[in-house]
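[1] Prediction below, plus the sequence it came from.
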Amino acid sequence: MDELGGFWVVAVILFVIGVVLPIRNRFKRRRDAQEAGQQHGKNEALFRSMFPELQPHFHPERLLEFATARLGRSWAAKPARWENPPGFPAAAVAEVKADGERDRDRERVRLLDSAGKLLLEFIFERHAEGGVIRFGKGKFTVDTRKPQQPRVRYWHPDREFKWSRAGWVFKTAVADEPFESSSSSSSSSSSSSDSSRTAAAAGIVGLGGAFDGGGASAGWDDSPRTASSAAAGGESISGAAGESSSETSGGASSDSVGDSTSDAGSTSY
Amino acid sequence: MDIVPDHLVARPARDAVALGAPAAMLRVVVPSLARGGAERIVIEWLVAEAHRGRKAELAILHRRRQEYRLPAGVIAITTIRRGAESVEAFVDALGARWCGADTAVSTHLVADALLARLWAKGVRTVPVIHNTQEGWRNDPAAWPPVDVPLAIACAEAVRAQAQAAGCRVPVLALRHRPSVGAATTDRGSRNRIRAEWNIAPGAFVIGVVGAFKAQKDHSRAVEVLAALRRTRDACLVILGGTLDASGYPELDRVASRAAALGVGGSLRLPGFVEPIEPWYAAFDALLNVSRHEGLSIATQEALAAGLPVIATDVGGQGEIEHPNLCLLHADLPASAFAARLAALPVREVLCPDAMPRFPRIWSLTTCWQHSARQTLDTLFVTANLNAGGAQRSLVNLAGRIAGRHRFAVGVCGETTHPAFAESLASAGVSVFRFSATADTFNAAEGIIAHATRNGARNVCFWNVDAGVKLLVARFAPAGLRLIDVSPGAYAWQELNDVKELAHALAFGPSAYCRRLDVLVSKFDDPACPACRRVEVIANGVALREPARDRPSVPRFLVSGRIAPSKRLETILEAFAIASARVPGMRLDIVGQAEPRHRDYLARVIAAAGGLAVNFRGACPGLDYLDDPYTAAVVLGTHQGCPNAVLEAMAAGVAVVANDSGGTRELVRHGETGWLLPEACTAESLARALEEAAVDAGRAQQYGRAGRVRVARNHSLEEMAMRYLCVFDNTAVEARPQDATRHWFARLNQFRSLMRWDLFDHAGKGVESGVEGAGEGDGDGDGKRMGA
């Protein structure tokens, strides 16, 4: 009997290992993929709805493609004509010329469609992190230093975002603080604040401290942390923002220099 | 060339009535200045008051990055912001600061625990409920009446919920209308915003306004967008953002639905925008799919901007009356909302539809004052102390009851003649103005403040602007008796004319009548509205000795304000006709025109050209009645119990009058004068004048009969006694202690009468009524006020 019992235990274990776990993992992968797809969809929806001036050409993924390609080409030869420039599928040609004689690191890029009509025009600069693209009032900084972890951040007087393949962080007038759209599983590492944890389950997380005030519907919690946040105002944002705690300090620091001081002194994150 | 002599136009006599106590400082507490409806109401209210120099203290418990800013230069508003201390400590400090104030503090969205801290310091609060029950942060049932004298709800539906929830304090509904500027219809803004936000020129833009909260259900708006995009190119713009952590799940829902339905490219999320007005110009319709709503500011703002609004029929939304508002059941599918939106055009013309606003109503919510002593029985309120009939009746009454009843007279507006004010002062009556300018809200607030501060039992309206009456009736404490002495049908017409204010107050004419304790009509008026108690008290006047001599030529008298309602053009036309038939006739016109009737006066003067007409101007006393007259002519519309008729009769002058209001109770045709149809023509009036002119004996006989009638039915004492019964809340009948005095007065009147009849000699008036320019009563003119 004992031998028989031992057989069944082994059989069950083997069944679990051989059948149940693979099925479970398969479902989990599918669910994760589904969630990732949903997450991607939400982020894209947020990007499109909050950054209309960038539609349809300036998606960070595309800009990364363009910047990487541009940085890989000879910088000296200008003016240049570039057929089918990467990152801009609607453009047949990119006309590139120096933007002024003194600034050798800046160039003006004009994108033309197949009929020769101007699609858009922007400035491209070489930058310590990779490249910078200036378009209208906005500025993209494309970080190509780590090919496996490329980043793009965008600054505009009214709104900003940071993008990586792991996700987005938005800073717009939709919220007092920067926020990211992330899955439940990943959000817990984004912020240690209570408010963030509360929101994490729902998928969008507020970053960078607490939220003050009662407002028309808000709760009345006024913990010391909230009060200090009120006193600190915008400063609390830069310290806590970022995709992960290990990347925040360095990224935030360089962002502050790159965006706030060189552009309009806006709040950095 | 100006043919109007200065002495015929009344001028404001600014010092005629002294100013009363200034309005108390307003005190308000809000959690923050977050961009919400409640905060907007508070700011619009305080700024409106500050523009009139009213001082206010606004305590703000929390600071927010996205918050309203007070307009620059508004120094009358002192903001008190919390620093590093805890909210509790801050509120305690507020309590210490405000504990000595006479008036309550207006609180908005402040939690009960913090209100209790104010109460503990002796500060009374008037909390405002800005949302339907689902959104309450207070428990109205827990409010103690001793600390919360009154509560305000943003809509009638919310008020009903509060009462149903067991609220023990009185709850009033106030409907706030937001301020809307010209930018809401600025085409340039429309084009700019659409371009900046990458919206195709022909796209139909749906606007949604509101923070990301569960109650707003913005994700449902996304579903509506998806449904609409099946039939037309459309874009959804959601203005507003997250107020706190609870907003992120809502934002997530919006993003998820947009992604799932594939409409992310047609969604715009500008967040909190400042200013918001140009965005209304960019919209083609406003969508409000709230699951619950108090009274949506955004909905009202959009309607005022000329936008069609499709909204859920929740909370107080149904109380917004507007043809462009389409309310749908909250449970209908998104497609039903989309179908409504599909029928609307992309706007070509931007046309505003602004409605009257009354932000200063809110000042009345806190105007009740503590009364430690009762120094007043009745506060009379009158529009002014001009030389008018209604005012003269009041002055007559005041002179009669001075010393027998504790009362004061409050004046709402400017007065153009000092005579009545001086008469009251000489009788020892306290007379004061509520504010330096004629202002409905100041007056109403002043009335309630004065009455409650002095423990008055009654407020008696005596010819008062309908807006003031509505406001006072709406906000007066339940124990304060309200008495309206109505001069006639004008009063009711005027109440019906202030519809917008009535809507804002959720309190119309019928509610006003229900609130009245007593309605006093000057005559037996079948058109009197149904009220709890209606008393008929005719005017009383002093008898005068008739003129010693008969007029040497037919001479007629018109006394009263020179105003369209007095139909002077008809009188002059009739006089011209009669003069042509009976040579030598003369006409005296006594009285002045108010500045607003200057053009009318000019026409009257022009019509009198070539006729024997003498414009005598204002006569503070009734001295002109010492002159001999054939008859007095009194025409009017909506007359009450016209003093001009009574005074002529009291002086033994026959009367030619039209049958308006209570005139027929005074003028008996063929007995005391000529009573013509209400809409009498110049020709019929001319015939009456001609009869009086050619048969002086008959006119004199009518005059004597009229004097007897006045002596019998219209003594000052009888009028006074009847009013005292009303003020004391007793049945209107001669009281034992007054009966003797009453009969002595009557005896005196008859002795005077007999002396005149038998000996026909001149003398002084028997009763000492206050005299003024002779004018008809019952004319609603002259009491309109500014807001």
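    That came through fine. Worth saying up front: this structure is predicted, and the values here are computed from it rather than measured. Residues are numbered from 1 along each chain as shown, chains lettered A, B, ... in the order given.
[2] Only C-alpha atoms from now on, for both contacts and neighbour counts.
    Fine.
[3] What is the neighbour count of residue A:19?
    12 (other Cα atoms under 10 Å in any protein chain shown).
[4] Oops, could you answer that again for residue B:104 instead?
    By other Cα under 10 Å, the residues close to residue B:104 number 27.
[5] Contact partners for it?
    B:27, B:123-126, B:366-369 (Cα atoms under 8 Å, 6 or more residues apart in numbering or on different chains).
[6] redo that, cut-off 7 Å
    B:123-126, B:366 (Cα atoms under 7 Å, 6 or more residues apart in numbering or on different chains).
[7] host element of residue B:441?
    If you go by DSSP states H and E, residue B:441 is part of helix B:440-453.
[8] For the stretch 601-750 of chain B, which residue gets nearest to chain A?
    Chain A sits closest to residue B:727 of the stretch 601-750 of chain B, with a gap of 45.8 Å, by Cα to the nearest Cα.
[9] repeat for the stretch 101-250 of chain B
    Closest point on the stretch 101-250 of chain B to chain A, by Cα to the nearest Cα, is residue B:241, at 4.0 Å.
[10] Number of residues surrounding the closest residue in space to that residue that isn't next to it in sequence?
    Sequence neighbours aside, residue A:174 is the residue nearest to residue B:241 in space, at 4.0 Å (criterion: Cα to Cα, 6 or more residues apart in numbering or on different chains). Counted with other Cα under 10 Å, the neighbours of residue A:174 add up to 28.
[11] go on, residue B:478?
    Neighbours of residue B:478 (other Cα under 10 Å): 11.
[12] helix/strand/coil for it?
    Three-state call for residue B:478 (DSSP: H, G, I helix; E, B strand; the rest coil): coil.
[13] same question, residue B:633
    Assignment for residue B:633 (three-state DSSP): strand.
[14] so residue B:324 touches residue B:306, yeah?
    No: judged on Cα atoms under 7 Å, residue B:324 makes no contact with residue B:306 at a distance of 8.0 Å.
[15] Shouldn't the residue of the stretch 101-250 of chain B closest to chain A be within a strand?
    No: Residue B:241: not assigned to a strand; according to three-state DSSP it is coil.
[16] Count the residues that sit near it.
    For residue B:241, using other Cα under 10 Å, the count is 27.
[17] Tell me where the stretch 201-350 of chain B has strands.
    Using DSSP state E, counting those that start in this stretch, the strands of the stretch 201-350 of chain B run over B:204-209, B:234-239, B:267-271, B:285-288, B:309-312, B:325-328.
[18] can I get those in JSON lines with mean neighbour count and distance to residue B:404?
    Compiled in JSON lines, the strands of the stretch 201-350 of chain B are given as follows (neighbours: other Cα atoms under 10 Å in any protein chain shown; distance: least, Cα to Cα, whole Å):
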{"stretch": "strand B:204-209", "mean neighbour count": "26", "distance to residue B:404": "61"}
{"stretch": "strand B:234-239", "mean neighbour count": "26", "distance to residue B:404": "64"}
{"stretch": "strand B:267-271", "mean neighbour count": "24", "distance to residue B:404": "66"}
{"stretch": "strand B:285-288", "mean neighbour count": "27", "distance to residue B:404": "60"}
{"stretch": "strand B:309-312", "mean neighbour count": "24", "distance to residue B:404": "59"}
{"stretch": "strand B:325-328", "mean neighbour count": "18", "distance to residue B:404": "56"}
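[19] Switch those over to JSON lines; also include mean pLDDT and distance to residue B:722.
    JSON lines is the format used below for the strands of the stretch 201-350 of chain B (pLDDT from 0 to 100; distance: least, Cα to Cα, whole Å):
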{"stretch": "strand B:204-209", "mean pLDDT": "97", "distance to residue B:722": "58"}
{"stretch": "strand B:234-239", "mean pLDDT": "97", "distance to residue B:722": "62"}
{"stretch": "strand B:267-271", "mean pLDDT": "96", "distance to residue B:722": "65"}
{"stretch": "strand B:285-288", "mean pLDDT": "98", "distance to residue B:722": "56"}
{"stretch": "strand B:309-312", "mean pLDDT": "98", "distance to residue B:722": "54"}
{"stretch": "strand B:325-328", "mean pLDDT": "98", "distance to residue B:722": "51"}
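[20] for those strands, which one sits closest to residue A:157?
    strand B:267-271 (13.0 Å; Cα to Cα).
[21] centre of the chain versus the closest one, how much separation?
    Averaging C-alpha positions (Cα atoms, centre = their mean, to the nearest Å) puts strand B:267-271 43 Å from its chain's average.
[22] Just give the strands next to that strand in its sheet, each with its orientation.
    With DSSP bridges as the test, strand B:267-271 is paired with strand B:234-239 (parallel).
[23] Please identify the residues of the stretch 201-350 of chain B in proximity to chain A?
    Taking Cα under 7 Å from any Cα of the partner chain as the criterion, the stretch 201-350 of chain B approaches chain A at residues B:240-246, B:248-249, B:252, B:255-256, B:258-259, B:264-265, B:267-272.
[24] pLDDT weak spots in the stretch 451-600 of chain B?
    B:487 (pLDDT under 70).
[25] residue in it nearest to chain A?
    Taking Cα to the nearest Cα, the stretch 451-600 of chain B has residue B:504 as its residue nearest chain A, at 21.3 Å.
[26] quick one: contacts for that residue?
    Residue B:504 sits next to B:174-176 when contact means Cα under 7 Å, 6+ apart.
[27] Could you dump these into CSV with pLDDT added?
    Converted to CSV, these look like this (pLDDT from 0 to 100):
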residue, pLDDT
B:174, 97
B:175, 96
B:176, 95
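[28] Tabulate these (TSV), appending distance to residue B:390, neighbour count and secondary structure.
    Shown next, in TSV, are these (distance: Cα to Cα, whole Å; neighbours: other Cα atoms under 10 Å in any protein chain shown; DSSP: H, G, I helix; E, B strand; the rest coil):
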residue	distance to residue B:390	neighbour count	secondary structure
B:174	32	23	coil
B:175	34	29	coil
B:176	34	27	coil
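[29] and residue 80, what are its bridge partners?
    Using chain A here. Going by DSSP bridges, residue A:80 is paired in beta bridges with residue A:96.
[30] please go with chain B instead
    residue B:59.
[31] same check, this time on residue B:432
    Beta-bridge pairing of residue B:432 under DSSP bridges involves residue B:410.
[32] Relative to residue B:596, how far out is it?
    Distance, residue B:432 to residue B:596, by Cα to Cα, to the nearest Å: 24 Å.
[33] okay, those two: which has more neighbours?
    A count of neighbours by other Cα under 10 Å puts residue B:432 above the other of residue B:432 and residue B:596, at 19 against 12.
[34] can you count the residues close to the closest residue to residue B:663 other than its chain neighbours?
    Spatial nearest neighbour of residue B:663, chain neighbours left out: residue B:641 (6.1 Å); criterion: Cα to Cα, 6+ apart. Neighbour count for residue B:641, taken as other Cα under 10 Å: 31.
[35] what kind of secondary structure is residue B:641 in?
    Relying on three-state DSSP, one would call residue B:641 coil.
[36] Tell me where chain A has helices.
    Counting by DSSP state H, chain A has helices at residues A:2-15, A:21-50, A:60-72, A:184-187, A:194-200, A:224-232, A:235-240, A:245-255.
[37] And the ones you listed, which one averages the lowest pLDDT?
    Per-stretch mean pLDDT for the helices of chain A is lowest at helix A:235-240 (a mean of 21).
[38] The longest strand seen in chain A to helix A:60-72, inter-axis angle?
    Longest strand in chain A by number of residues, with DSSP state E as the criterion: strand A:118-127. Orientation of strand A:118-127 against helix A:60-72 (axes from the mean of the first three to the mean of the last three Cα atoms, to 10 degrees) gives an angle of 60 degrees.
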